[in-house]
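[1] model this:
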Amino acid sequence: MKELLKKLFGKKEAPVEQEPYDFNASNPLGGNGERVDITFSGELQFERLDMYQKNHFRRYEYALGLIPEGVDVADLACGTGYGSMMLAQKANSVVGADLNGEVISAISERYKDHEKVRFMEANLLHLDFEEVVDVVVSFETIEHFKESDISTLLGIFHRALKPGGSLIFSTPYNQEDSEEARKLGFHLTFNIVEEKIEAWLEAAGFEPISYKYQDYQSHEVRDKAGHNDFILTHCRKK
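    I've put the predicted structure just below:
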């Protein structure tokens with residue numbers, strides 16, 4: 001009886017309020033949301049990652065499945081470098097480039113014992129690679145550029161690739177222009193869909209191979225479904 005009365009009239013505990021998500025608490029090199037930070041190691045536990053890290057990790061996992069063994073790779077807008085490290089599991093060499101010199105300095109120290117990977121500070125619009133890599137990977141990059149600069153950027157990726165090389169990149173899918181996206185996401189180009197991507201690829205000398213999609217619920221890279229937060233494009237240099 002006491003237990004029944006306790007259930008009926010006992011003091012209920014107040015629901016625990018969730019703390020607001022602090023991007024930099026999980027991503028110390030994140031730059032307030034600009035870069036996802038994961039320290040790559042053989043003991044990485046996927047289930048312990050937050051939703052941003054999970055999505056980002058799955059994109060690099062997808063790219064790793066596409067690249068052949070023994071190729072030379074450029075990870076352009078490499079962020080905190082963990083993806084470059086993942087790609088080095090199959091690549092002969094990986095060069096990671098990012099605009100932020102402090103981040104490049106930190107990850108060069110973090111991964112200094114890995115001979116196949118090197119990092120460099122670079123503005124991608126000033127990159128002067130010419131037919132030096134087999135694969136370019138660039139995740140969550142082009143939306144940070146003005147739309148008028150995207151054809152130029154893709155042309156730079158094209159020039160960096162050896163004949164027949166491939167490009168793998170991702171962007172938010174059909175994201176609408178908003179103050180939040182501009183302030184928190186640092187985005188400058190919006191409403192990116194397949195037709196717009198195909199026009200950019202054609203202008204830069206690429207032919208599409210496949211489009212894949214991803215959302216914040218499953219994190220998996222898959223064929224198109226009802227809701228898609230990201231589009232991943234795999235294309236080849238003509």
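
[2] So which elements touch the helix ranked longest in the chain?
    Taking DSSP state H as the criterion, the chain has its longest helix at helix 51-66. Of the remaining helices and strands, those touching helix 51-66 by 3 or more C-beta pairs under 8 Å, 6 or more residues apart in numbering; DSSP states H and E are helix 23-26, helix 82-87, strand 133-139, strand 161-172, strand 206-214, strand 230-237. Yep, even glycine has a C-beta here, placed from its N, CA and C like the rest.

[3] Buried residues in it, which are they?
    Neighbour-count burial for helix 51-66 flags 52-60, 62-64, 66 (criterion: 16 or more other C-beta atoms under 10 Å).

[4] could those go into a markdown table alongside distance to Arg236 and pLDDT?
    Shown next, in a markdown table, are the buried residues of helix 51-66 (distance: C-beta to C-beta, whole Å; pLDDT from 0 to 100):
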| residue | distance to Arg236 | pLDDT |
| --- | --- | --- |
| Tyr52 | 30 | 91 |
| Gln53 | 30 | 92 |
| Lys54 | 29 | 95 |
| Asn55 | 25 | 96 |
| His56 | 24 | 96 |
| Phe57 | 25 | 96 |
| Arg58 | 23 | 97 |
| Arg59 | 19 | 98 |
| Tyr60 | 20 | 98 |
| Tyr62 | 16 | 98 |
| Ala63 | 14 | 98 |
| Leu64 | 18 | 98 |
| Leu66 | 11 | 98 |
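
[5] most centrally placed residue in the protein?
    The residue lying closest to the centre of the chain (C-alpha atoms, centre = their mean) is Phe139, at 3.4 Å.

[6] how far away is that one from Leu44?
    For Phe139, the distance to Leu44 equals 17 Å [C-beta to C-beta, to the nearest Å].

[7] Poorly predicted segments of this protein, please.
    Counting by pLDDT under 70, the ranges of the chain that qualify are 1-21.

[8] on that earlier part again, spit out the contact partners of the residue nearest to the centre of the chain.
    Neighbour list for Phe139: 56, 59-60, 63, 77, 83, 169-170 [criterion: C-beta atoms under 8 Å, 6 or more residues apart in numbering].

[9] Rebuild those as TSV, extending it with distance to His234.
    TSV is the format used below for the contacts of Phe139 (distance: C-beta to C-beta, whole Å):
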residue	distance to His234
His56	17
Arg59	12
Tyr60	14
Ala63	9
Ala77	17
Gly83	16
Phe169	9
Ser170	10
